[in-house]
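Enquirer: Fold the following, please.
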Amino acid sequence: MDARRRIPATDRVLDDPVLAGAVERLGRDVVRAVVHDAQRRARHGQLDPERVIAAAREALPASAGGMRRVVNACGVLLHTNLGRAPLSDAAVEAVRAAAGTTDVELDLTTGRRGPRGRGVRAALTEAVPAAEAAHVVNNGAAALSLVATALAAGREIVLARGELVEIGDGFRIPDLLTSTGARLREVGTTNRVRFEDYRDAIGPDTGFVLKVHPSNFRITGFTSQVPVAALRELPVPVIADIGSGLLRAHPALPDEPDAQRTLAAGADLVTASGDKLLGGPQAGLLLGSAELVRRLERHPLARALRVDKLTLAALEATVRGPATPTAQALDRGEADLLDRARRLAASLRERGIDADARTSTATVGGGGAPGVELPSAAVTLPSRYAAALRTGRTPVLARVEHGQCLLDLCAVAPADDAVLLDAVTAVG
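Expert: Prediction:
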């Protein structure tokens, strides 16, 4: 008898209690597609027909969305391709609470329209005392675009040549700024700029002076730059794009600019990202002078760049809540990481897998803290594991180094150690 005749019909498979329940959670089309894939594998001899229902159960996605959770074990703390910072439990709960109808623009006392984002603005100014006011847009580039449009359209932006950066995927700061209708007035040379260069470039057409954090590169050797504290003496606004979103100084990143110190040094406005070192959702932060923030909020472009209620909820919970996964990762000690790596390696060896533990070096990533090395630890496996882990049921992104697959634990929460064990064991 042809084995294909034993493949159960779609309706029979969908009648399975687990799959029927999944229909309520994921939708009939999603579950049906999983069933059809299991049936296809059975028709091609890749799956025993009696295993179709079980295989469909095992292949059910965690959600109806197309994105899959990935364990970040590559040693890059803020990996852009993985969505940068993972949200804290507090932020996830805030998103869940805000997913329904909320008072995002309603004053419950008066029953009238209320100010949008009031909670997150208050949270940001409390976290950064040097900021008189705050505004939030949908990403870091949007923050800089709004500033350039509102303060310098048809005018000049003065900035150092060494800060005309490209920050990834062909995205260039000069292109962004000139697209707003502003003109660039470059000062200094690639490696050196002086206060006099800025001072001599200031004129009646100057909109503002811009300081751009170099993000993912460093120039060393015969170099000089002008700090914000000196630029404050110029008769125009000083805007500082600090990039990575660090609100306050962190001992692991002493040279990374943060909003509090930058504003205290004399910047009129700081722009930054919310999904990098701050550890929150994708957002663009604008912090500083109340007068400048008010001008930005009232500009017509601000409406096009505003964030939704879910981002507002996640960002406020990130700022007000407990330490984020990003902050926790920065605070982990190398000794603790190495101890975890040794325990994982020992468990894997008990399962017959060639694994070991070693110290490692991780990086911040996401355009933050260029050149900074984070002491870490990793589980080593044969190199063949890298691709297999990446394509497993719960994808794990490792890295291959010197012919070995490394599971770097810098960005892996301790609670996910069991997930790593299961993922490696499944590869065998």
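
Enquirer: going forward, measure contacts between C-alpha atoms and count neighbours the same way
Expert: OK.

Enquirer: quick one: G181 is in a helix?
Expert: No: under the criterion used here (DSSP: H, G, I helix; E, B strand; the rest coil), G181 is coil, not part of a helix.

Enquirer: so I353 sits right up against G428, yeah?
Expert: Yes: using Cα atoms under 8 Å, I353 is in contact with G428, at 6.9 Å.

Enquirer: Neighbour count for the two, which is higher?
Expert: Taking other Cα atoms under 10 Å, I353 and G428 do not tie; I353 has more neighbours (17 against 13).

Enquirer: how near is that one to T380?
Expert: To T380, I353 is 11 Å away according to Cα to Cα, to the nearest Å.

Enquirer: So this structure: which segments form each domain?
Expert: Using automatic domain parsing, the domain parsing of the chain gives 3-59, 71-84+327-427, 89-322.

Enquirer: circling back: name the residues contacting each of I353 and G428.
Expert: Counting by Cα atoms under 8 Å, 6 or more residues apart in numbering, I353 and G428 have no contacts in common.

Enquirer: Tell me who's in contact with the closest residue in space to A134 that isn't next to it in sequence.
Expert: Counting by Cα to Cα, 6 or more residues apart in numbering, A134 lies nearest to L287, which is 4.5 Å off, once chain neighbours are set aside. Neighbouring residues of L287 by Cα under 8 Å, 6+ apart: T125, A131, E132, A133, A134, H135, A259, L269, V270, T271, V293.

Enquirer: And those, which two are furthest apart?
Expert: Taking Cα to Cα, the two most distant members of the contacts of L287 are A259 and V293; they sit 14.8 Å apart.

Enquirer: Same drill for these two, tell me which one is more crowded.
Expert: A259 (32 against 19).

Enquirer: got the contact list for the closest residue to that one other than its chain neighbours?
Expert: Using Cα to Cα, 6+ apart and skipping the chain neighbours, the partner closest in space to A259 is L247 (4.8 Å). L247 makes contact with A127, V128, D258, A259, Q260, L278, according to Cα under 8 Å, 6+ apart.

Enquirer: Quick one: list the elements packing against the helix or strand harbouring V31.
Expert: Following DSSP states H and E, the helix or strand that holds V31 is helix 28-43. Here helix 28-43 touches helix 10-14, helix 17-26, helix 52-59, going by 3 or more Cα pairs under 8 Å, 6 or more residues apart in numbering; DSSP states H and E.

Enquirer: Pick the most deeply packed of the ones you listed.
Expert: The highest mean neighbour count among those, using mean count of other Cα atoms under 10 Å, belongs to helix 52-59: a mean of 19.

Enquirer: now for it, which elements pack on it?
Expert: helix 17-26, helix 28-43.

Enquirer: chain center to that helix, what's the gap?
Expert: 33 Å (Cα atoms, centre = their mean, to the nearest Å).

Enquirer: Let me see the mean pLDDT of it.
Expert: Average pLDDT, helix 52-59: 92.

Enquirer: Quick check: the gap between V419 and T180.
Expert: Applying Cα to Cα to V419 and T180 gives a distance of 46 Å.

Enquirer: picking that back up, and the contacts of L287, which of them are buried?
Expert: Neighbour-count burial (16 or more other Cα atoms under 10 Å) applied to those gives T125, A131, E132, A133, A134, H135, A259, L269, V270, T271, V293.

Enquirer: out of the residues you listed, which are inside helices?
Expert: The members of the buried ones among the contacts of L287 that map onto helices under DSSP state H are T125, A259, V293.

Enquirer: what's near enough to touch the last one?
Expert: If a contact means Cα under 8 Å, 6+ apart, then V293 has A133, A134, H135, L286, L287 as its contacts.

Enquirer: Give me the contact list for the helix holding V31.
Expert: Contact partners of helix 28-43, identified using Cα under 8 Å, 6+ apart, comprise 4, 7-8, 10, 13-14, 19, 22-23, 47-49, 52-53, 55-56, 59-60, 64.

Enquirer: I'd like to know how far the residue most central in space within the chain sits from R358.
Expert: Compute the mean C-alpha point of the chain, and by Cα atoms, centre = their mean the closest residue is R84, 2.5 Å away. As judged by Cα to Cα, R84 and R358 stand 25 Å apart.

Enquirer: so where's the longest strand in the chain?
Expert: Using DSSP state E to define each element, the chain has its longest strand at strand 368-382.

Enquirer: by contact count, what packs against it?
Expert: Applying 3+ Cα pairs under 8 Å, 6+ apart, one finds that strand 368-382 contacts helix 334-350, strand 356-365, strand 404-408.

Enquirer: helix or strand right after the shortest one?
Expert: Think strand 404-408. Per DSSP H and E, the first helix or strand lying C-terminal to strand 404-408 is helix 417-427.

Enquirer: Contacts for that following helix, please.
Expert: With contacts defined as Cα under 8 Å, 6+ apart, helix 417-427 is touched by 344, 347-348, 351, 353, 385, 388-389, 392-396.

Enquirer: Sort out which of those residues are buried, if you could.
Expert: Buried members of the contacts of helix 417-427, scored by 16+ other Cα under 10 Å, are L344, L348, I353, Y385, A388, L389, R393, T394, P395, V396.

Enquirer: and these as TSV, adding pLDDT?
Expert: Formatted as TSV, these follow (pLDDT from 0 to 100):
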residue	pLDDT
L344	98
L348	97
I353	96
Y385	97
A388	96
L389	97
R393	86
T394	91
P395	95
V396	97
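
Enquirer: Between those, which sits nearest T223?
Expert: Closest approach between those and T223, by Cα to Cα: V396, at 40.8 Å.

Enquirer: I'd like to check which residues are in contact with the closest one.
Expert: V70, V71, N72, A73, L389, R390, L420, A423.

Enquirer: I'd like the residues you listed as CSV, with secondary structure and distance to A335 appended.
Expert: CSV is the format used below for those (DSSP: H, G, I helix; E, B strand; the rest coil; distance: Cα to Cα, whole Å):
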residue, secondary structure, distance to A335
V70, coil, 25
V71, strand, 21
N72, strand, 20
A73, coil, 17
L389, helix, 26
R390, helix, 27
L420, helix, 19
A423, helix, 24
